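Q: need a structure here:
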Amino acid sequence: MPGYLLDVNSTLMCPHAGTFSIVTSNSHVKVDGQFAVTQQDTFTISGCPFMLGTSPHPCVLAKWLVVATRVKVGGNFVVLKDSTALCQTGDQAPQGPPNIVVAQMKVKGQ
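A: Numbering: from 1, shown residues only. Model (predicted):
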């Protein structure tokens, strides 16, 4: 199923409203004027307020599980607006999927 490609300006949040920072190694392919992101890029999360009992247990990163199957950038599959990821804590405990709040709406991939 085709979906819009995510770029470095896409806005994502963890299930607890922590915000994402996206760092891409892509320096060649742009969508809507911004660099496209791939499954191999770094998606870090800050500001997650999640607590486990009385101890902070925030989401710190996201791992993409289902991404594009046909479109690659630099040999890596791109991340689509309808891709599936899992937010994780520092000890890799799963916390749920991220919310993709804003994504570019000009370029689709599959």
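Q: My guess is S83 contacts A68. True?
A: Yes: using Cβ atoms under 8 Å, S83 makes contact with A68 at a distance of 7.4 Å. Any C-beta I mention is one placed from the backbone N, CA and C, and that applies to glycine too.
Q: Now do the shared contacts for these two.
A: Shared contacts of S83 and A68 (Cβ atoms under 8 Å, 6 or more residues apart in numbering): G3.
Q: Kindly state the beta-bridge partners for the residue positioned nearest the centre of the chain.
A: With distances taken as Cα atoms, centre = their mean, F43 lies nearest the centre of the chain, 5.5 Å away. Note on F43: beta-bridge partners I22, judged by DSSP bridges.
Q: before we move on, what about V31?
A: For V31, the beta-bridge partners are Q34 (DSSP bridges).
Q: contacting residues around it?
A: V31 sits next to 5, 7, 104, 106-107 when contact means Cβ under 8 Å, 6+ apart.
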